[in-house]
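Novice: Starting from these lines, generate the structure:
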Amino acid sequence: MDFRLKVFHSVATNLSFTKASKELFISQPAISKHIHELELQYKTPLFDRNGSKIALTRAGELLFSHTNRLLAAYRQMDFEMNLLTDNLSGELHLGASTTIAQYVLPPVLSTFICKFPDIRVSLLNGNSHDIEQALRDGKITLGLVEGDARQNTLHYTPFMKDELVVVTHTGRAFARYEELTLDELCRLPLVLRENGSGTLEVLKNALAGHQIKLSQLNILMQLGSTESIKLFLENTDVLGIVSIRAVTRELMSGQLKVIDVEGFTAERMFSFVRLQGQNGGLEENFIRYMMK
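Specialist: Residues are numbered from 1 along each chain as shown. Below you'll find the predicted structure:
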């Protein structure tokens, strides 16, 4: 692949000449030279420059879409050539929503890396919306997301079931409850995940099945991670709604307890997500490994 296109792809992905310079281990003047040569070749600007900020032009967006496909084709080529000698190697760029990245992936990644030491794995963490956007932007090649929202430009493959549960700290006032009604759940103070998270999307959809909106809940706080919610529960008389997988240790140690809600469940599937039409490669191998 023309190295100038790799330079362009790095700048376009990061929207930064400085970050591209660090990523590719070449100087910023060299980055600028390669971009200038491409702009001369195609007789059009690829970036709009506004002070220290840059943005893709229409031509830049078109070239970015082509470089994404070219890089995917090169990764596929490397994967299939290495298969001929049973040598799995290359780079696997993963992105995972917070719950999956913190509570599902670590033990799997540790064994995967041991089994395939020549595969370099990177992991981007964010909420489900962030991961889907990173996939479209070419920053990752495989995402793992939670929630029910679906984008028609992406392909989803379910791989693991999960359930949201209502929890409270055993040392706080609400630990006296064993079960709640939906009306009580709406009245009692809650701490939830942030907007854009798969967890909140699943809760929203489950409540909608009972004709309840999020705005009808008594939401005391929204936080950006489940770990923040667990710490919040230690110090406040409040209920949290989180993945059962995120609180296994706290439930076993007696720090937290689950409170049932009469007639209410909030279940979801964790899913792999890829660009439509993207198949094979290290991503396919990793999916098969996770499915075992």
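
Novice: how about low-confidence regions in the stretch 151-292 of the chain?
Specialist: Residue ranges of the stretch 151-292 of the chain with pLDDT under 70: 279-280, 292.

Novice: what about the helices in the protein?
Specialist: 3-14, 17-24, 28-42, 58-83, 98-103, 105-115, 128-136, 182-187, 198-208, 226-235, 248-253, 281-291 (DSSP state H).

Novice: And the fifth one, how far out from the chain middle?
Specialist: Just to be clear, that refers to helix 98-103. Distance of helix 98-103 from the chain centroid (CA atoms, centre = their mean, to the nearest Å) equals 9 Å.

Novice: Comparing the helices of the chain, which comes out most buried?
Specialist: Compared across those, helix 98-103 shows the largest average neighbour count, a mean of 23 (mean count of other CB atoms under 10 Å). C-beta here means a position set from N, CA and C on the backbone, and glycine is covered the same way.

Novice: name the helices or strands packed onto that one?
Specialist: strand 119-126, strand 142-145, helix 226-235 (3 or more CB pairs under 8 Å, 6 or more residues apart in numbering; DSSP states H and E).

Novice: Mind putting those into a markdown table with distance to Ser271?
Specialist: As requested, the helices and strands packed on helix 98-103 are exported to a markdown table (distance: least, CB to CB, whole Å):
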| stretch | distance to Ser271 |
| --- | --- |
| strand 119-126 | 15 |
| strand 142-145 | 6 |
| helix 226-235 | 18 |
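
Novice: Nearest to Gly51, out of these?
Specialist: Closest to Gly51 of the helices and strands packed on helix 98-103 is strand 119-126 (CB to CB; 27.1 Å).

Novice: how close does Asn205 get to Ile259?
Specialist: 21 Å (CB to CB, to the nearest Å).

Novice: just Phe3 next, same as before
Specialist: 58 Å.

Novice: just Cys186 next, same as before
Specialist: 14 Å.

Novice: same deal with Asp118?
Specialist: 48 Å.

Novice: Also Ile219?
Specialist: Counting by CB to CB, the gap from Ile219 to Ile259 is 17 Å.

Novice: In terms of packing, which of these two has more residues around it?
Specialist: When Ile219 and Ile259 are compared for neighbours, Ile259 comes out ahead with 20 against 13, by other CB atoms under 10 Å.

Novice: My guess is the more buried one contacts Thr170. True?
Specialist: No: using CB atoms under 8 Å, Ile259 is not in contact with Thr170, being 11.0 Å away.

Novice: Output stretch 116-124 in PDB with nothing but the alpha carbons.
Specialist: Output of stretch 116-124 as PDB, limited to C-alpha atoms (Å, rounded to 0.1, in the frame of the first residue of the first chain):
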ATOM      1  CA  PHE A 116      -1.600 -16.500  19.600                       C
ATOM      2  CA  PRO A 117       1.500 -14.600  20.800                       C
ATOM      3  CA  ASP A 118       2.100 -13.200  17.300                       C
ATOM      4  CA  ILE A 119      -1.200 -11.300  17.300                       C
ATOM      5  CA  ARG A 120      -1.000  -7.800  18.600                       C
ATOM      6  CA  VAL A 121      -4.200  -6.800  20.300                       C
ATOM      7  CA  SER A 122      -5.400  -3.300  21.100                       C
ATOM      8  CA  LEU A 123      -8.600  -2.500  23.000                       C
ATOM      9  CA  LEU A 124     -10.600   0.800  22.800                       C
END
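
Novice: I'd like the numbering to begin with 561 instead of 1 from here.
Specialist: Renumbered: residue one is now 561, and that last one reads stretch 676-684.

Novice: what residues does it touch?
Specialist: 647-656, 661, 665, 669, 672-673, 691, 694, 699-700, 842 (CB atoms under 8 Å, 6 or more residues apart in numbering).

Novice: Could I get the average pLDDT for it?
Specialist: If you average the pLDDT over stretch 676-684, you get 89.

Novice: Mind listing what's buried along that stretch?
Specialist: Burial within stretch 676-684, assessed by neighbour count using 16 or more other CB atoms under 10 Å, is assigned to 676, 679, 684.

Novice: Put together JSON lines for these, with distance to Asn628 on each row.
Specialist: Formatted as JSON lines, the buried residues of stretch 676-684 follow (distance: CB to CB, whole Å):
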{"residue": "Phe676", "distance to Asn628": "24"}
{"residue": "Ile679", "distance to Asn628": "21"}
{"residue": "Leu684", "distance to Asn628": "16"}
